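Novice: Build me a model:
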Amino acid sequence: MKLTTRGHYSLKALLDLSLQPRYGPASVTDIAQRQSLPAPYLEKLLIELRKAEIVCSVRGSQGGYQLARSPAQISLGQILEAIGEWDEPFPVAAQKDRANAEDWVAAAVWKRLGQRLKSILHDITLEDLYYDARSWQAAQGADTNFTV
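Specialist: Got it, this is the predicted structure:
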């Protein structure tokens, strides 16, 4: 499984939102500038994340997007599913192409590995990623305002 541009941009935007005081709203323009992302593309991703109830939009002059719940309640698996990035990481031959017991066993192993990977992605939260980014940054001697 490879994190595509969609996944990477989504994570950058969500980590940026997790930095907002009390997870308050941030405008698409502000997020795009801080994270060096194209604003129109970011807006499309945020709309997908809003539909999945990962972020919510706030109207008004101080509005924008904010996390719909705490970072501890948002999993990497939910994020990837929301933006259409989840697919089976280990393609399995169709049932008609499994000619012998070895093919069936191999298919069962790959299916189990895919299920485990999906479970792991649902166990990793945005909060975990936030602290991982902060730890890396501290190890580099960087300041606390960071671009993901």
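
Novice: use CA for all of it now, contacts and neighbours both
Specialist: Fine.

Novice: In this structure, where is pLDDT below threshold?
Specialist: Applying pLDDT under 70 to the chain flags residues 1-2, 87-99, 101, 142-148.

Novice: contacting residues for the residue nearest the centre of the chain?
Specialist: Most central in the chain under C-alpha atoms, centre = their mean is I79, positioned 3.9 Å from the mean C-alpha point. Counting by C-alpha atoms under 8 Å, 6 or more residues apart in numbering, I79 touches 10-11, 49, 54.

Novice: What segments of this protein are strands?
Specialist: 55-58, 64-67 (DSSP state E).

Novice: neighbours around R59, how many?
Specialist: R59 has 10 neighbouring residues, counting by other C-alpha atoms under 10 Å.

Novice: likewise the one 3 residues further on?
Specialist: Around Q62 there are 10 other residues, counting by other C-alpha under 10 Å.

Novice: With L11 instead?
Specialist: Residues within reach of L11, counting by other C-alpha under 10 Å, total 20.

Novice: how close does it get to G60?
Specialist: Separation of L11 from G60 (C-alpha to C-alpha, to the nearest Å): 25 Å.

Novice: Flag every buried residue along the lengthiest helix in the chain.
Specialist: In the chain, assigned by DSSP state H, the helix with the most residues is helix 101-123. Neighbour-count burial for helix 101-123, counted by 16 or more other C-alpha atoms under 10 Å, picks out 107, 110-111, 114, 117-118, 121-123.

Novice: Would you tell me which one of those comes nearest to W86?
Specialist: Nearest to W86, judged by C-alpha to C-alpha, of the buried residues of helix 101-123 is K118 at 8.7 Å.

Novice: G77 is in contact with the closest one, correct?
Specialist: Yes. The criterion here is C-alpha atoms under 8 Å, and K118 meets it with G77 at 6.7 Å.

Novice: most remote residue from the chain's center?
Specialist: N100 (38.6 Å).

Novice: how near is A68 to L45?
Specialist: According to C-alpha to C-alpha, A68 stands 15 Å off from L45.
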